[in-house]
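Asks: next comes the sequence, and after it the predicted model I'd like to discuss.
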Amino acid sequence: MPHGRQWGGVGGKRAEAPSPVGQQLLGLGFFVGVGSRDGKEYYAAAATSPGRSCCRAYFSSELVRSFPTLPSPVHACAQQREMPQITSPVPACAVLLLLLLVLGSAEAATTASRSSAARHRRRYDSIFSFGDSFADTGNNPAVFAWYGVSDPNTRPPYGSTFFGRPTGRNCDGRLVLDFPAESLGLPLVPPFLARKRNGDRESSAFRHGPNFAPEHAVDADGDDSVFPLNVSLSMQLQWFESLKTSLCATLKECLELFGCSLFFVVEIGINDYDSFLLDTGGSVQQVKALVPDVISTISMAIERLIKHGATSLVVSGTLSAGCIPPILALFAGADTASYDPRTGCLKELNELFVHHNTLLQESLAKIRDNHPDVELAYADFFSPVMAMVESPGKYGFDEDVLDACCGGLGSYDDSSRVIACGDPGAVTCENPSARLFWDGSGHLTEAANQYIADEWLSSICPVRLCLFD
């Protein structure tokens, strides 16, 4: 592992030789900056690893903290060619986070007597989430109730693993989004529409951010008359903008609020492609022509959030939909050559979503270039799911990994026997944690969501530690 390099002090002043803590960071291969503020010594550590975004953080001997605006010596972090490339199998960001946690724990031990009077500190004050059913924490049941439509996920066994009751999540427990919230010490993100239906005051109900994702979200702007079955990303942004005025009254307040918030855009696009295949009976190649428009809409949404003041965003790709039960059922009559012999997944469908994810990452790179002060991370949804499909035993899953835990009475290719999870006659597997897919709609179990969230958290390094009273 190459050694790091010492920067000058804060504000460009030459720093004194670092203390043992600074030497530790240098030895691990990080760039280290040393400086002082209000009479206290601070260190800035930063690194990149191959294929990873730049990771940087501030900490002192008394507290762990990161600043929205980094001193000029640290700005070299933006030019990754100037950063040490850490070749250790452990991601640089993960090492830095671990080091910060260790240092923070050591500092906490020396200041335990003052902990009751100390302010609680978090990286972010709130989470704002957009997406579809993979991120919906309860919007869909609220919308369906307005129209007098029953939603199966409001009935057991949804929510049984973690919450002990249905919560409106399409899962036996927590979603991918719930784990970052827990990791950051924040409440689970409440559904925007459910709170509005209950008449709660928005300023208090969404103090830590709302979730705008509904179950049937699509990317493309279409006919809103099909609401609530199809809700565009643009409509979710309209909900966000309608809420904004109740959260912050001035530009300064909004910039402060959104600057200390983490924005998630989770898995947008799969419903557009699935709907096209179902409604038109078109080919995968015809669907592929839609991808640039879908990516463009996602990109415009990100630009719109940045314009509102978002400075930390996580955007996920799509999962390997060629493996999910409803897609496999839709193409149950496909010839043998259409399937990957190693996994049983549909090759051409997975190639479509690889194409989507590739174009999305290229678009995110352009947005980063246009907004160098914005932290914009890509979260890989595809690879973790494929890893679980290819090696189910490694993750504690049953070998019939493509079968859903709840609803269907047989394998995915027996469509005549499929019963929706939550409906009368639905059967639930004995151990949901041993399954990848929760229901016949392709939603994941809590166990799978946790594996994906762990992968995201290990590769996405939050760089801003905002204060929270």
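Replies: Done, it's in.
Asks: going by C-alpha atoms from here, please, whenever you check contacts or count neighbours.
Replies: OK.
Asks: residue 359 and residue 290 touch, don't they?
Replies: No. Between residue 359 and residue 290 there is no contact, the gap being 11.8 Å when judged by CA atoms under 8 Å.
Asks: which other helices and strands does the helix or strand hosting residue 264 contact?
Replies: In the assignment (DSSP states H and E), residue 264 maps to strand 261-266. When contacts are defined as 3 or more CA pairs under 8 Å, 6 or more residues apart in numbering; DSSP states H and E, strand 261-266 packs onto strand 126-131, strand 312-316.
Asks: output the ones you listed as JSON lines; include the columns mean neighbour count.
Replies: Written out in JSON lines, the entries for these read as follows (neighbours: other CA atoms under 10 Å):
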{"stretch": "strand 126-131", "mean neighbour count": "26"}
{"stretch": "strand 312-316", "mean neighbour count": "22"}
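Asks: for the ones you listed, which one sits closest to residue 350?
Replies: In terms of CA to CA, the element of the helices and strands packed on strand 261-266 nearest to residue 350 is strand 312-316, at 16.0 Å.
Asks: can you name the next helix or strand after the closest one?
Replies: Per DSSP H and E, strand 312-316 leads on to helix 325-330 as the next helix or strand towards the C-terminus.
Asks: now that following helix: buried residues?
Replies: 325, 326, 327, 328, 329 (16 or more other CA atoms under 10 Å).
Asks: again, but for stretch 246-253
Replies: Those buried within stretch 246-253 under the rule 16+ other CA under 10 Å are 247, 248.
Asks: average model confidence for the strand holding residue 264?
Replies: When pLDDT is averaged over strand 261-266, the result is 95.
Asks: tilt between it and strand 312-316?
Replies: Strand 261-266 and strand 312-316 are oriented at 10 degrees to each other (axes from the mean of the first three to the mean of the last three CA atoms, to 10 degrees).
Asks: name the residues that touch strand 261-266?
Replies: Contacts of strand 261-266 from elsewhere in the structure, counted by CA atoms under 8 Å, 6 or more residues apart in numbering, are 124-132, 134-135, 209, 310-317.
Asks: quick one: strands adjacent to it?
Replies: Each strand that pairs with strand 261-266, with its direction, by DSSP bridges: strand 126-131 (parallel), strand 312-316 (parallel).
Asks: among those, which is nearest residue 158?
Replies: Nearest to residue 158 among those is strand 126-131; the distance by CA to CA comes to 19.8 Å.
Asks: give me the residues contacting whichever helix or strand comes after that closest one.
Replies: Beyond strand 126-131 on the C-terminal side, the first helix or strand identified by DSSP H and E is helix 139-146. Residues outside helix 139-146 that contact it (CA under 8 Å, 6+ apart): 150-151, 153-154, 168, 191-194, 197, 211-215, 228.
Asks: emit the ChimeraX select command for whichever of these are buried.
Replies: Here the buried members of the contacts of helix 139-146 are turned into a ChimeraX selection, burial being counted by 16+ other CA under 10 Å:
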select :151,153,154,168,191,192,193,194,211,212,213,214,215,228
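Asks: just give me the least confident of the contacts of helix 139-146.
Replies: Of all these, residue 197 carries the smallest pLDDT score, 49.
Asks: pull the helix or strand with minimum mean pLDDT from the protein.
Replies: Evaluated with mean pLDDT, DSSP states H and E, the helix-and-strand set of the chain has its lowest mean pLDDT in strand 55-60, which scores a mean of 43.
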